[in-house]
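[1] what's the 3D shape of this:
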Amino acid sequence: MRRGRRRRVTPLLAAIAVASCLGLPHPAVAAPEPPPLTVMVADTDTMGRILTDLDGRTLYRFDREGDGNIACFRSCTDTHKPLLNPPGAELRLPPGIAGTLGTVARPDGGDQVTYDGSPLYSYTGDLQPADTNGVDLFWHVINPENAPVPAETTG
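    Model (predicted):
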């Protein structure tokens, strides 16, 4: 007669087996935490919904930039601070916001966060969260769109 292999029972498996026999709920397995957001949104009276950094400072795009081209460096960054992505940090939009975050290498070092290809900056003249004092002929707030709602399936 051939003997079967002995199966090793771990404490977790034993607890699940006992809970099942007694009709108790199974121990919950925690879902992994999502990475932190990279940007947030704020609603303003004059500019509508805008992108902000994690401290609530309005984010701007510069008309003279795009497609990986950085034109705001040296003295320009005295008033317009680039939103930098920490090394290894995952980029993440708030839920329900459409668009794409990315990065572009800055000529003065670091990886700058982009939204739909536009490098993002805060403005030193904004004193309160969601201030929009940096808007002018070449600098604009980012008005993100809502993500499309998935179509419901009927069955």
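
[2] Does the spatially most central residue of the chain belong to a helix, a strand or coil?
    Closest residue to the average C-alpha location of the chain: residue 92 at 2.1 Å, with Cα atoms, centre = their mean. At residue 92 the chain is in coil, as set by DSSP: H, G, I helix; E, B strand; the rest coil.

[3] Next: residue 71.
    coil.

[4] what about it, distance to residue 62?
    6 Å (Cβ to Cβ, to the nearest Å). In short, each C-beta sits where N, CA and C put it, glycine included.

[5] In terms of packing, which of those two has more residues around it?
    When neighbours are counted by other Cβ atoms under 10 Å, residue 71 and residue 62 differ, and residue 62 comes out ahead with 19 against 13.

[6] Determine the number of other residues adjacent to the closest residue to the more buried one other than its chain neighbours.
    Spatial nearest neighbour of residue 62, excluding adjacent residues (Cβ to Cβ, 6 or more residues apart in numbering): residue 72 at 5.4 Å. If you count neighbours by other Cβ under 10 Å, residue 72 ends up with 21.

[7] The residue nearest to the centre of the chain and residue 135: what is the separation?
    Going from residue 92 to residue 135 by Cβ to Cβ gives 26 Å.

[8] ok, now residue 113?
    19 Å.

[9] for residue 142, same thing?
    Counting by Cβ to Cβ, the gap from residue 142 to residue 135 is 11 Å.

[10] can you give me the strands for this structure?
    Along the chain, the segments classed as strands by DSSP state E run 40-44, 48-52, 60-62, 80-82, 101-105, 111-115, 118-119, 121-123, 139-141.

[11] Export those strands to CSV and append columns for distance to residue 149.
    Listed next are those as CSV, based on distance: least, Cβ to Cβ, whole Å:
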stretch, distance to residue 149
strand 40-44, 17
strand 48-52, 16
strand 60-62, 26
strand 80-82, 33
strand 101-105, 21
strand 111-115, 21
strand 118-119, 25
strand 121-123, 31
strand 139-141, 24
